[in-house]
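1. Take a look and give me a structure for this.
(one chain, ligands or ions: 1)
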Amino acid sequence: MAKTFDVGIGSLVSDGVRAPAAQQASGREAAAVALLPLPLRGAPGAAPPGDGSVPAGKSFFLETFGCQMNDHDSEKVAGVLQGRGYHAVESPALADLVLYNTCSIREKAAQKVFARLGDWKTLADGKIIGVLGCLAQQEGEEIFERAPWVSLVCGSASYRKLPDLIAQLESGGRRVTGLDLDTDQTFETEITRRDNMLRAYITIIEGCDYACSYCVVPHTRGPERSRASDAVLSEARRLADAGYTEIQLLGQTVNSYRDPSPRQWKFVDLLRGVAAVPGIRRVRFTTSHPNDFHRSIVEAIDEVPELCDHVHLPVQSGSTRVLRDMLRTYTREEYLEKIVWIRAARRPISITSDVIVGFPGETEADFAETLSLLDAAQYDAIFSFKYSPRPNTSAMHMPDAIPEEEKSRRLAVLNEHQRAIQIAANQRRIGQCYEVLVDGRHPQRTQWGGRTTCNRLINFTSPRGNLLGEYVQVKITRAGPNSFAGEHVT
Ligand code: SF4
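-> Below is the predicted model of the structure:
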């Protein structure tokens, strides 16, 4: 096995979906150093002034847990609040309104939010405390029972009501809720605060019509709703006009997109449409459901240079029997056929995935099939998870639960297996050149960092000055399992 080392930023090479470090494919690099944060774009008042004083008027603090969908929802919520005259502060202690945009995909995420709420038990006086997102939808008014100092509980399917709910609180309302799921509307805002100056997110589809037996999302985010293609294209044009060159299209099942307008675009039409917006150089999309992943998507990536060389295609298990119990709607063979399409593309497309170990009833033989699927797929990275039973899911009460220690053992075996695959593949990339969009800098290491179109993370040295936001050519000189080191080719 090749020698491995930390070559800089230690996050996973992936679709960018944030996963808890303990669940990442390789925890060994998780302690690596982050780059300097990027300045905010279009975020007036996002931080208190340098002298520590706070501008006059109402202030808010918003903390986000979970996935990129939540990150982007928070950008929109912040836009709604700024439109109502609020300014953001960096400390909850300074805020009039404290909001938590929550995740309930695993037990630990939910516990963390309740711990945050507990902090306000004796300190909430005069502040409005609110819970948004998946935990809000899942727990509903129970949150008021557990934390009576909370005033706002709103699930993501009801965010269009947020301005009204906030107005009710401002006029003295004590407790307000937005917990409807029966909506066919998406969350549209006049203003979206953009927290990343280089990559802009556009949600194209919300909710999910699948019913995977382990997943709370259909319960917490409601049924699938796609945005009209015109609205998506207009947002992409506005972003390009504001100077963005990279756009990431978001959806829980992004490729299930169905244009509700008379144009009736499919997902692949929208991909091509966004890629054709003048000024846009990179278009990413996440997360794809294998069932809706058609060959036409690979053909589009092959033909359209602006579409990035990366597909995140969650498999969850390599065993058809387990996939059936998970209600994933595809078999191992059907999934691997899609991998063959992607590998046959003219452009080298990186593939990442999500894997769950320890699903109820998963035998040693099933687990061995997952390991062999890793060999067959040769993923660039995976997000790996121990199965976590969640309320309002059909797997919650399935028999043959796997003991926690056994789940941990399988997770460790899985990660070691994948790590070896990544080390071998990444070593072969030493000496190759990639175009990198520079998105960070590490002053101590005098390194720059950025991502390739295939979403690989490269830290590199350069004789040049400020490179933030530039596209540069970088030659790889060293490779770790999750990131690379290189030199700017000038
Ligand atoms: S496709 Fe399955 S895992 Fe993905 S959000 Fe929908 S129900 Fe959850």
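
2. what's near enough to touch Ser226?
-> The neighbourhood of Ser226, defined by CB atoms under 8 Å, 6 or more residues apart in numbering, consists of Thr186, Ile204, Ile205, Tyr257, Arg258, Asp259, Pro260. For every residue, glycine as well, the C-beta is placed using N, CA and C.

3. Using CSV, lay out those together with neighbour count, pLDDT and secondary structure.
-> Shown next, in CSV, are the contacts of Ser226 (neighbours: other CB atoms under 10 Å; pLDDT from 0 to 100; DSSP: H, G, I helix; E, B strand; the rest coil):
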residue, neighbour count, pLDDT, secondary structure
Thr186, 19, 83, coil
Ile204, 24, 97, coil
Ile205, 24, 96, strand
Tyr257, 25, 98, coil
Arg258, 14, 97, strand
Asp259, 21, 97, coil
Pro260, 16, 96, coil
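
4. and which of those residues is nearest to the ligand?
-> Nearest to the ligand out of the contacts of Ser226 is Ile205 (CB to the nearest ligand atom; 10.8 Å).

5. got the contact list for the closest residue to that closest one other than its chain neighbours?
-> Nearest residue to Ile205, sequence neighbours excluded (CB to CB, 6 or more residues apart in numbering): Gly251, at 3.6 Å. Residues near Gly251 by CB under 8 Å, 6+ apart: Met69, Thr203, Ile204, Ile205, Glu206, Tyr257, Phe285, Thr287.

6. Which one of those residues is nearest to Ala377?
-> Thr287 (16.0 Å; CB to CB).

7. Tell me how many other residues crowd the closest one.
-> Neighbourhood size, Thr287 [other CB atoms under 10 Å]: 21.

8. what does the one 5 residues further on give?
-> Per other CB under 10 Å, the neighbour tally for Asp292 reads 17.

9. which ones are touching it?
-> Taking CB under 8 Å, 6+ apart, we find Asp292 in contact with Thr253, Asn255, Ser256, Phe267.

10. Distance check, it against Ala377.
-> Using CB to CB, to the nearest Å, Asp292 is found at 18 Å from Ala377.

11. next one: Lys121
-> Distance from Lys121 to Ala377, by CB to CB: 48 Å.

12. again with Ala420
-> The value you get for Ala420 to Ala377, if CB to CB is used, is 14 Å.

13. So for the two, which residue has more residues nearby?
-> Using other CB under 10 Å as the criterion, Ala420 and Ala377 rank with Ala377 on top: 24 against 16.

14. For Arg160, what are phi and psi?
-> phi -60, psi -20 (degrees, to the nearest 10).

15. So it sits against Asp184, correct?
-> No: with contacts counted by CB atoms under 8 Å, Arg160 stays clear of Asp184, the gap being 11.0 Å.

16. Looking at those two, which is more packed in?
-> Using other CB under 10 Å, the more surrounded residue of Arg160 and Asp184 is Arg160, with 16 against 11.

17. Would you mind measuring from that one to the ligand?
-> Separation of Arg160 from the ligand (CB to the nearest ligand atom, to the nearest Å): 20 Å.

18. go on, Trp120?
-> 31 Å.

19. Make sure that residue is actually in contact with Lys127.
-> Yes: counting by CB under 8 Å, Trp120 does reach Lys127; the two are 7.3 Å apart.

20. Now for the two: what residues contact both?
-> By CB under 8 Å, 6+ apart, Trp120 and Lys127 have these common neighbours: Val98.

21. helix/strand/coil for Leu117?
-> Recorded secondary structure, Leu117: helix (DSSP: H, G, I helix; E, B strand; the rest coil).

22. and it, what is it in contact with?
-> Tyr100, Ile129, Val131, Ile143, Arg146, Ala147, Trp149, Val150.

23. so the first one sits in a helix?
-> When you say that, I think you mean Tyr100. No: when classified by three-state DSSP, Tyr100 is found to be strand rather than part of a helix.

24. I'd like to know how far it sits from Ala136.
-> Counting by CB to CB - Tyr100 and Ala136 are separated by 9 Å.

25. mind listing the helices for the protein?
-> 68-83, 107-118, 134-139, 142-146, 162-170, 217-221, 229-241, 267-275, 295-303, 320-325, 332-343, 364-377, 404-427 (DSSP state H).

26. Please identify the most buried of those helices.
-> helix 134-139 (a mean of 26; mean count of other CB atoms under 10 Å).

27. Could you export it as CSV, keeping only the C-alpha atoms?
-> Extracted in CSV, the C-alpha atoms of helix 134-139 (Å, rounded to 0.1, in the frame of the first residue of the first chain):
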residue,chain,number,x,y,z
CYS,A,134,-36.3,18.9,9.2
LEU,A,135,-36.3,18.6,13.0
ALA,A,136,-39.0,21.2,13.1
GLN,A,137,-41.1,19.2,10.7
GLN,A,138,-40.5,15.9,12.5
GLU,A,139,-41.0,17.1,16.1
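
28. Give the other helices and strands that it contacts.
-> Packed against helix 134-139 by the contact rule (3 or more CB pairs under 8 Å, 6 or more residues apart in numbering; DSSP states H and E) you find strand 97-102, helix 107-118, helix 142-146, strand 150-154, helix 217-221.

29. Can you check what angle separates the second one from strand 150-154?
-> Relative orientation of helix 107-118 versus strand 150-154 (axes from the mean of the first three to the mean of the last three CA atoms, to 10 degrees): 150 degrees.

30. ok, and the closest non-adjacent residue to Gly118?
-> With CB to CB, 6+ apart as the criterion, Gly118 has its nearest non-adjacent residue at 7.2 Å, and that residue is Ala147.

31. Check Leu457 too.
-> In space, Leu457 is closest to Ser483, 4.4 Å off (CB to CB, 6+ apart).

32. got it, and Gln264?
-> Gln264's closest residue in space is Arg258 (CB to CB, 6+ apart), at 7.7 Å.

33. Provide a list of residues in contact with the one you found.
-> Applying CB under 8 Å, 6+ apart, we find Arg258 in contact with Ser226, Gln264, Lys266, Phe267.

34. and of those, the nearest to His219?
-> Scanning these for proximity to His219, where the rule is CB to CB, the winner is Ser226, at 19.6 Å.

35. For the ligand, see how far away the closest one is.
-> 14 Å.

36. go on, Asp241?
-> Taken as CB to the nearest ligand atom, the span from Asp241 to the ligand is 32 Å.

37. Then Ala242?
-> From Ala242 to the ligand the distance is 30 Å (CB to the nearest ligand atom).

38. measure the closest residue to Arg174 other than its chain neighbours to the ligand for me?
-> Counting by CB to CB, 6+ apart, Ser151 is the residue found nearest to Arg174 once chain neighbours are left out, at 6.4 Å. According to CB to the nearest ligand atom, Ser151 stands 29 Å off from the ligand.

39. likewise Leu94?
-> The separation that Leu94 has from the ligand, given CB to the nearest ligand atom, amounts to 36 Å.

40. Same check on Trp341?
-> Separation of Trp341 from the ligand (CB to the nearest ligand atom): 20 Å.

41. chain center to stretch 193-204, what's the gap?
-> Stretch 193-204 sits 12 Å away from the centroid of its parent chain (CA atoms, centre = their mean, to the nearest Å).

42. Please apply the same query to stretch 179-186.
-> Taking CA atoms, centre = their mean, the mean C-alpha location of stretch 179-186 is offset from the chain mean by 22 Å.

43. For the stretch 351-490 of the chain, what lies in contact range of the ligand?
-> The stretch 351-490 of the chain comes close to the ligand at no residue, as judged by CB under 6 Å from any ligand atom.
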